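sequence first, then the predicted structure:
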Protein chains: 2
Amino acid sequence: MQSVIADLEAPISRDLGRVLCIITGASKGFGRCLARQVAELLKPRSVLLLVARSGDKLRELQADLAASDADKEGIVVRCVIADLGQKEAVEEVVRAAKESCPNDIERLILINNAASLGDVSRFALGFTDSTEIDSYLSLNVSSALCLTAGIMSAFPQRLGLRRCVVNISSLCAVQPFPSWVLYCTGKAARDMMFRVLAVEEPELRVLNYAPGPLDTEMQEEARANTGDPVVRTSFCNMQRQGQLLTCEESGAKLMKLLLDDDFLSGAHLDFYDL
Amino acid sequence: MQSVIADLEAPISRDLGRVLCIITGASKGFGRCLARQVAELLKPRSVLLLVARSGDKLRELQADLAASDADKEGIVVRCVIADLGQKEAVEEVVRAAKESCPNDIERLILINNAASLGDVSRFALGFTDSTEIDSYLSLNVSSALCLTAGIMSAFPQRLGLRRCVVNISSLCAVQPFPSWVLYCTGKAARDMMFRVLAVEEPELRVLNYAPGPLDTEMQEEARANTGDPVVRTSFCNMQRQGQLLTCEESGAKLMKLLLDDDFLSGAHLDFYDL
């Protein structure tokens, strides 16, 4: 980690340029941390568009960012309070992005971070209600595709614009965990969706980033509710033994990936492999 | 292929026993072929439950099977006309399975074959309507989980009952193809869903079978509509050069897998790897 942090704190050249960056699920956990970390890497007249369901928490974050260096640098932070499980939410975010973005941005970064854990207390054979699964997939899969399509269509490829889309993925996208059927299925679906996007749009930079086990509310939920005793115990042990990652250290690796911008588009990159 | 067909035609012992077998998407293409092939491997008093949207085609298949040896062997063929994209459909299939199944079956086989191609004429960035994606995932992902959960709960683990669930998968579950975002995403989601099921239920036999490129209506649709010119041309060439597989030859390999019953549960097995 030392070297990553050193990199981030290193010379003036380490910024992302004049950027429109959209982060979903920005009000807490990893999304909130990413908002702060991205803000530090933006040039003046960049726009940071934060999306989340909770208006209170979003405004709190906005105030925090305003009190930080970001504001002094003339970075616009805009909040969209929207539930991405709802059809209208995506349109609202796209509209807000168009409205608030200057024409001369150099880089567009969309971080699809919003996600829900789903009910991890039950095993796959307990999922007999299609409405529950449909609604999980709508929030965790469909909305990420729609938002990506909407944003990229609103800001099409042009000379001098680098476009990047990040999917916050998980080890669960590639490895099955008992009693995590919705989460694993959703993450596997998202990874493939973004792999297809990567082969379709060679100019677009696509990254599936698995941040590792983060010390967030979602992990608390996992420790409390996971139905499979082995998985639950392993989460509890990780926490007890201090093996959970801070959002800051995982976020720093993602920032480095974005700054270096030399990852293979469409790749699934895990915190532990970097 | 010779050896597989020889195997299927081989000694008396090559049958699946007294079975309840449920096949979705049974009215045409691969599902229809599987219905015929399974019927030949069933012992008397087995039940074959065929599910599809098209009543006419299902009844035609039922009549065909009645005229074949299957009927003489006292195999019950029952049809459920239902659209698995609809919530009620799953309940209807589960109810029909319970009603028509004798208590003393030795084996339960559920073949999740129903699937749609989705719109392959557009690229991922064209998918801005969440309703379209939601409805695709509901038919191709949610309904397969719900049906599997419903059927396995209706016929729980007991001594003397071997339970198996087959997911008709695809190369698209593991490899992205341009302009096939819905299909690839759905197939990747299904594979992971069934991998989770496999780690959760060690007694249940779970198979993700990728049947290879089959000479079916879906392939016609793919040749006619695929937006990506390279993929479309490659499908057209495969057809012209006689490289598409018949449903019969691919189905024969699946029958062999079911008969041998020694695959690793949860594995993704491709026609070409067998």
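Cool, the structure landed.

residue boundaries of the helices in the stretch 101-250 of chain A?
A:130-137, A:143-154, A:181-200, A:217-225, A:229-240, A:247-260 (DSSP state H, counting those that start in this stretch).

reformat the ones you listed as a markdown table; add mean pLDDT, mean neighbour count and distance to chain B.
From N, CA and C alone the C-beta is placed, and that goes for glycine too. Shown next, in a markdown table, are the helices of the stretch 101-250 of chain A (pLDDT from 0 to 100; neighbours: other C-beta atoms under 10 Å in any protein chain shown; distance: least, C-beta to the nearest C-beta, whole Å):
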| stretch | mean pLDDT | mean neighbour count | distance to chain B |
| --- | --- | --- | --- |
| helix A:130-137 | 97 | 21 | 4 |
| helix A:143-154 | 97 | 23 | 5 |
| helix A:181-200 | 98 | 27 | 4 |
| helix A:217-225 | 96 | 15 | 15 |
| helix A:229-240 | 97 | 14 | 10 |
| helix A:247-260 | 98 | 20 | 20 |
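
export those as CSV, with columns for distance to B:Met192.
Below are these laid out as CSV (distance: least, C-beta to C-beta, whole Å):
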stretch, distance to B:Met192
helix A:130-137, 12
helix A:143-154, 16
helix A:181-200, 4
helix A:217-225, 18
helix A:229-240, 16
helix A:247-260, 23
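
looking at those, spot the one closest to B:Leu214.
Between B:Leu214 and these, the shortest gap by C-beta to C-beta is with helix A:181-200, which sits at 20.9 Å.

what about that closest one, distance to the chain center?
14 Å (C-alpha atoms, centre = their mean, to the nearest Å).

do stretch A:37-45 as well
That offset, for stretch A:37-45, works out to 17 Å (C-alpha atoms, centre = their mean).

and that stretch, end to end?
Terminal residues of stretch A:37-45 are spaced 17 Å apart (C-alpha to C-alpha, to the nearest Å).

mind listing what's buried along it?
For stretch A:37-45, the neighbour count (16 or more other C-beta atoms under 10 Å in any protein chain shown) marks A:Gln37, A:Val38, A:Ala39, A:Glu40, A:Leu41, A:Leu42, A:Lys43 as buried.

same deal with stretch A:259-267?
Within stretch A:259-267, judged by 16+ other C-beta under 10 Å, the buried ones are A:Leu259, A:Phe263, A:Ser265, A:Gly266, A:Ala267.

which of those residues lies closest to B:Arg190?
Nearest to B:Arg190, judged by C-beta to C-beta, of the buried residues of stretch A:259-267 is A:Gly266 at 20.5 Å.

so how far is B:Ala89 from the nearest residue to that closest one once chain neighbours are set aside?
In space, and not counting its chain neighbours, A:Gly266 is closest to A:Ala198: 2.8 Å by C-beta to C-beta, 6 or more residues apart in numbering or on different chains. With distances taken as C-beta to C-beta, to the nearest Å, A:Ala198 is found 35 Å from B:Ala89.

who does A:Val51 bridge with?
In this entry, A:Val51 is beta-bridged to A:Thr24, A:Val80, by DSSP bridges.

touching, it and A:Val93? I think so.
Yes - A:Val51 is in contact with A:Val93 according to C-beta atoms under 8 Å; the separation is 5.4 Å.

give me the common contacts of those two.
A:Ile22, A:Thr24, A:Val80, A:Ala82, A:Leu84 (C-beta atoms under 8 Å, 6 or more residues apart in numbering or on different chains).

run a quick neighbour tally on A:Ala66.
Neighbourhood size, A:Ala66 [other C-beta atoms under 10 Å in any protein chain shown]: 12.

secondary structure element for it, which one?
In this assignment (DSSP states H and E), A:Ala66 forms part of helix A:55-67.

repeat that for A:Arg78.
Going by DSSP H and E, A:Arg78 is in strand A:76-81.

which helices and strands does that strand pack with?
Contacts defined by 3 or more C-beta pairs under 8 Å, 6 or more residues apart in numbering or on different chains; DSSP states H and E place strand A:76-81 against strand A:47-52, helix A:55-67, helix A:87-100.

how about those, which one is nearest A:Leu244?
Comparison of the helices and strands packed on strand A:76-81 against A:Leu244 by C-beta to C-beta identifies helix A:55-67 as nearest, at 21.3 Å.

thank you, goodbye.
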